[in-house]
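Asks: Pasting the sequence and the predicted model now:
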Amino acid sequence: MTSKADQYDEVRKQIAAVIAGETSRTARYATASCLLRDMFGERFFWTGFYEVDPHQPDMLVVGPYQGTMGCLRIPFGKGVCGAAAATGETQLVEDVHAFPGHIACDSRSNSEIVVPVCDADGQLAAVLDIDSTAFGAFDAEDQAGLEAICGELLTIA
Ligand code: SME
């Protein structure tokens, strides 16, 4: 049985191979959300990106995703995605219902991990949001694997 670390390493390499040379951020986000969902299946109930709105820099707007319909906009500081955007730090939440200001796009989500995505200048460009229907679905290994993927998503030339 393949370990979770190996799965993350494998999907990181798949994403890197597909996005090399691609100039569109949308294409990069779409590729990552698709391949992550493909690798982890039902364990990832919602897998996708919220991008910093270039016209309103304290606002996230939904980007490419796999899953049920997501909310369109999330202000910085609101909910788990907003906390990741405001702090620039990964949010690992075992029970989203206990998280202050949590936004319930789909009431079946019970835990989530949200990882910031920065551009080559180190500016926040988006956050990767992964939700699960299970409580406590994500751990430090998920965090390490997803941070490695997000760390190179916009920097691979
Ligand atoms: N749960 C997120 C909102 C986005 S969705 O679940 C797709 C949050 O509180 O940031």
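Replies: Ah, there it is.

Asks: The ligand contacts on the chain?
Replies: 46, 70-71, 74, 79-81, 102-103, 105, 109, 112, 129, 131 (C-beta under 6 Å from any ligand atom). All C-beta atoms are positioned from the backbone trio N, CA, C, and that covers glycine.

Asks: tell me the SS of the residue nearest the centre of the chain?
Replies: Taking C-alpha atoms, centre = their mean, the centroid of the chain lies closest to Leu128, which sits 1.5 Å from it. Secondary structure for Leu128, judged by DSSP: H, G, I helix; E, B strand; the rest coil, is strand.

Asks: what sits against it?
Replies: Ala32, Gly48, Phe49, Val114, Val115, Val117, Leu146, Ile149, Cys150 (C-beta atoms under 8 Å, 6 or more residues apart in numbering).

Asks: Tell me how far it lies from the ligand.
Replies: 11 Å (C-beta to the nearest ligand atom, to the nearest Å).

Asks: let's number from 48 now, not from 1
Replies: Right, with 48 as the first residue, what we last looked at is Leu175.

Asks: Who does that residue form a beta bridge with?
Replies: Beta-bridge partners of Leu175, counted by DSSP bridges, are Phe96, Val162.

Asks: okay, the residue nearest to Gly68 when sequence neighbours are not counted: pLDDT?
Replies: Distances taken as C-beta to C-beta, 6 or more residues apart in numbering place Ala204 nearest to Gly68, at 7.4 Å, with adjacent residues excluded. pLDDT, Ala204: 90.

Asks: Make JSON lines from the residues of the chain next to the ligand and add pLDDT and secondary structure to it.
Replies: Below are those laid out as JSON lines (pLDDT from 0 to 100; DSSP: H, G, I helix; E, B strand; the rest coil):
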{"residue": "Trp93", "pLDDT": "97", "secondary structure": "strand"}
{"residue": "Gly117", "pLDDT": "95", "secondary structure": "coil"}
{"residue": "Cys118", "pLDDT": "95", "secondary structure": "coil"}
{"residue": "Ile121", "pLDDT": "97", "secondary structure": "strand"}
{"residue": "Gly126", "pLDDT": "95", "secondary structure": "helix"}
{"residue": "Val127", "pLDDT": "97", "secondary structure": "helix"}
{"residue": "Cys128", "pLDDT": "97", "secondary structure": "helix"}
{"residue": "His149", "pLDDT": "88", "secondary structure": "coil"}
{"residue": "Ile150", "pLDDT": "86", "secondary structure": "coil"}
{"residue": "Cys152", "pLDDT": "85", "secondary structure": "coil"}
{"residue": "Ser156", "pLDDT": "95", "secondary structure": "coil"}
{"residue": "Glu159", "pLDDT": "97", "secondary structure": "strand"}
{"residue": "Asp176", "pLDDT": "98", "secondary structure": "strand"}
{"residue": "Asp178", "pLDDT": "97", "secondary structure": "strand"}
